[in-house]
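I need the structure of the sequence given here:
(4 chains)
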2 protein chains.
Amino acid sequence: MVTIKDVARAAGVSVATASRAMNDSRLVAEDTRARIREVATRMWYTPHGAARSLITRRTHTIGVLLPDLYGEFFSEVIRGIDLTAQRGGYHCLVSSARHDGPQLEAALRSMRGRVDGLVLMSPEFTGELSRRTLPGEFPVVLLNCPPSGLPFDSLTVANYEGAYGMVRHLVVRGHRRVAIIQGAAGNFDAAERLRGYRAALRDAHLPERPEVELPGDFTEESGYAAARALLQLAERPTAIFAANDCMAIGALSALRDSGVMVPETVAIGGFDDIPMARYVVPALTSVHVDISALGERAAARLLSRLGAPADPEPRSETHPTTLVVRRSCGAPDRSSSFSARTPPRRNVV
Amino acid sequence: MVTIKDVARAAGVSVATASRAMNDSRLVAEDTRARIREVATRMWYTPHGAARSLITRRTHTIGVLLPDLYGEFFSEVIRGIDLTAQRGGYHCLVSSARHDGPQLEAALRSMRGRVDGLVLMSPEFTGELSRRTLPGEFPVVLLNCPPSGLPFDSLTVANYEGAYGMVRHLVVRGHRRVAIIQGAAGNFDAAERLRGYRAALRDAHLPERPEVELPGDFTEESGYAAARALLQLAERPTAIFAANDCMAIGALSALRDSGVMVPETVAIGGFDDIPMARYVVPALTSVHVDISALGERAAARLLSRLGAPADPEPRSETHPTTLVVRRSCGAPDRSSSFSARTPPRRNVV
DNA sequence: CGATAAAATGTAAACGTTTACATCAGCCAG
DNA sequence: CTGGCTGATGTAAACGTTTACATTTTATCG
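Residues are numbered from 1 along each chain as shown, chains lettered A, B, ... in the order given. Purely as a prediction, here's the structure:
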């Protein structure tokens, strides 16, 4: 391993000058700077990150802590984060961990001293445990976490508004009995979407009916089961709002298996607008979330904190959603899938 | 920031003993060990990663360098890698970079000194440029890279065999004119899949016909365009093998838009078996790749290198694929999607 | 030409660990 | 009682940087 000492010796200068040359300090003459850099590249010198961050107290790395890595969602978040991180000269240390107490704590601890800041996504996050694991002055951006009272920046998806808009849309189309398949218990997004659903009904002067608020856990199976249950009801709903697309797709399967027409007999709406939503039949109406942009915002926020840690005021931000109307709730069909708003996917493999 | 010195002072020992206690060395008495650890947890001591890796020359981090982060594929790879990395006590530093020469080189350099080893995925990788950027003794696992002659472990998907199996299946079902929509030019996977396609035709004593080998670039649009072009031919193919699912789905749209029946008039097969493949209509026959397992293998291979860097022999490994037959090539339809082999997805949001 | 300011370079301390080596106490055999 | 061994602890040097400070060289100006 070639160190800066080797470079300095080869260039006939002291390590200090060599270091300055590598860091483009103005305290070094132009010609020596050029000479040193030339020598450095010739010797394939790469600075030792650990040594550097030991003294500068900067790792130029941001930690990304996710509850899981399963599915399109996280891939997109990471993409957004990595994109802006790279632009700012930062790396991403990603890790997933089940966020039930000790696991999260361990993950946080193992990241300390390796990262300058953290993007923490944890819809089940209770500020409880890590109030001491995370020193308050450590830069953290909470992504889609329940309000915790912790002094951290926080970024959330407009779950409430998105759900409200979806249900309102269903109501406006004439639906009087709108059911909901809820997200996982204890999940912040799930709770917010439920809240939006209820508000939309209330504002339309429709009764809240507990029997059509079915539990779910964001999985396709739970959507399937919930839809089955709904079909058993004496008074069937005419529309179903599933708290995410996976469950909506599960519900779609259930209705198809039961011979129920969608959208003629029952309309369905989902949430997230995952790429697949365009391709199921009928195409799924959903609430679109620009996830990659969300990741970009989170990273940008964190980077700005890192750049100027002066501002102590934690800020909250809500990321807007848009309703994408497709056939599953009665919109006219489009002949080609290309007219949908989500850009087509590109896979390298 | 509380350092090991603070802990040592508080526990009334020297830093050496404190360090030994934290690292479970046998050279420290049991009672002092307990006392020191107790003090350490009470003070919320976390070792400074940079300082530690400066002296131990181990970062306990593996780098993951991907060509992009778009789509399900990378999400799954990362998941597999992170899973095994965590099990082995390692972190993942992920980064995406367009792998055209200087970009890749820069990414590699910026990772040096931060990671103990590297999983490098780059289907357009030419061993050329980085023969010197990557010192030979640095542990690297190449994932889906073209054979480079570099002395590195290498893991590839059974592209050739998978494509061969798919085309053979089409031929066995009676298709005589099988077209291919190729992957991106210069892409290793694409080349291998083309090779498998040709071999299957040859072995079935069917002629190779250049006019049905259409170019593509793995995007949905290119699949759409290619299918359009195929429909213009005087002698239409009766089956189309698309080098990935995205293009297959694009082709599906094109055929639907042209009023061509799938699979009755033209059968279609894809590659990758992305989750969406089950949901398009008709459900897409595809070559399934267990991507997360691929990532796990890659990480496991790298970790074993890191554990015992004795073995200098670079090893190659091919990851098997399985053909998943669905309706798009004429298989009987299944009533519920749950019977398909891909497990249902779980999204947290 | 000398004084002085400015610019360029060198010296050495620091960052937080680990670890080779030194030390020291206690113990046992001769 | 002495010498050597064992086990526990301390001392200090390293790891590869950056940077405050000291020193030297160069430029400027009276």
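
lowest-pLDDT helix or strand in chain A?
Of all the helices and strands that make up chain A, helix A:102-111 has the lowest average by mean pLDDT, DSSP states H and E, namely a mean of 81.

how about that one against chain B, any contact?
Yes - contact of helix A:102-111 with chain B (C-beta under 8 Å from any C-beta of the partner chain) involves A:Arg109, A:Ser110, A:Met111. C-beta here means a position set from N, CA and C on the backbone, and glycine is covered the same way.

I'd assumed B:Thr46 was in contact with the first one.
When you say that, I think you mean A:Arg109. Yes - using C-beta atoms under 8 Å, A:Arg109 is in contact with B:Thr46, at 5.6 Å.

re the thing from before, as JSON lines, the residues of helix A:102-111 next to chain B with neighbour count and distance to A:Ala239 would be great.
Converted to JSON lines, those look like this (neighbours: other C-beta atoms under 10 Å in any protein chain shown; distance: C-beta to C-beta, whole Å):
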{"residue": "A:Arg109", "neighbour count": "16", "distance to A:Ala239": "47"}
{"residue": "A:Ser110", "neighbour count": "20", "distance to A:Ala239": "46"}
{"residue": "A:Met111", "neighbour count": "21", "distance to A:Ala239": "44"}
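
Put the alpha carbons of the least confident helix or strand of chain A into PDB.
The C-alpha coordinates for helix A:102-111 follow below in PDB (Å, rounded to 0.1, in the frame of the first residue of the first chain):
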ATOM      1  CA  PRO A 102     -32.400  -4.200  20.200                       C
ATOM      2  CA  GLN A 103     -32.000  -4.900  16.500                       C
ATOM      3  CA  LEU A 104     -32.300  -1.200  15.600                       C
ATOM      4  CA  GLU A 105     -30.200  -0.200  18.500                       C
ATOM      5  CA  ALA A 106     -27.400  -2.500  17.500                       C
ATOM      6  CA  ALA A 107     -27.600  -1.300  13.900                       C
ATOM      7  CA  LEU A 108     -27.400   2.300  15.000                       C
ATOM      8  CA  ARG A 109     -24.400   1.600  17.300                       C
ATOM      9  CA  SER A 110     -22.500  -0.300  14.600                       C
ATOM     10  CA  MET A 111     -22.900   2.700  12.300                       C
END
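
Tell me which residues are up against that helix.
A:63, A:65, A:93, A:95, A:97-98, A:118, A:122, A:125, A:129-130, A:133-134, B:46, B:91 (C-beta atoms under 8 Å, 6 or more residues apart in numbering or on different chains).

Restricting to those, which residues neighbour DNA strand C?
B:Thr46 (C-beta under 7 Å from any atom of the strand).

which of the contacts of helix A:102-111 lies closest to DNA strand C?
Of all the contacts of helix A:102-111, DNA strand C sits closest to B:Thr46, with 6.9 Å by C-beta to the nearest atom of the strand.

for that closest one, what are its contacts?
Taking C-beta under 8 Å, 6+ apart, one finds A:Arg109, A:Arg112, A:Gly113, B:Val2 in contact with B:Thr46.

re earlier: using TSV, please lay out the residues of helix A:102-111 next to chain B together with distance to DNA strand D.
Converted to TSV, those look like this (distance: C-beta to the nearest atom of the strand, whole Å):
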residue	distance to DNA strand D
A:Arg109	22
A:Ser110	20
A:Met111	21
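
re the thing from before, using neighbour counts, give me the buried entries of the contacts of B:Thr46.
For these, a burial check counting by 16 or more other C-beta atoms under 10 Å in any protein chain shown picks out A:Arg109, A:Arg112, A:Gly113.

pretty sure the last one contacts B:Ser53?
No - using C-beta under 8 Å, A:Gly113 is not in contact with B:Ser53, being 9.9 Å away.

Which residue comes closest to the closest residue to chain B within chain A once chain neighbours are left out?
Proximity of chain A to chain B (C-beta to the nearest C-beta) peaks at A:Ser75, 3.2 Å away. Distances taken as C-beta to C-beta, 6 or more residues apart in numbering or on different chains place B:Ser75 nearest to A:Ser75, at 3.2 Å, with adjacent residues excluded.

Pull out the buried positions in the helix or strand containing that neighbour.
Element membership of B:Ser75, judged by DSSP states H and E, is helix B:72-87. By neighbour count on 16+ other C-beta under 10 Å, the buried set for helix B:72-87 is B:72-86.

Now do that helix against helix A:102-111, angle only.
90 degrees (axes from the mean of the first three to the mean of the last three C-alpha atoms, to 10 degrees).

quick one: low-confidence ranges for the stretch 51-200 of chain A?
A:99, A:101, A:127-133 (pLDDT under 70).

how does it look with 90?
A:67-76, A:96-114, A:122-138, A:145-152, A:186 (pLDDT under 90).

What parts of it come near chain B?
Counting by C-beta under 8 Å from any C-beta, the residues of the stretch 51-200 of chain A close to chain B are A:51, A:53-54, A:59, A:61, A:67-75, A:78-79, A:82, A:86, A:91-97, A:109-114, A:123, A:132-133, A:144, A:157, A:184, A:187, A:189.
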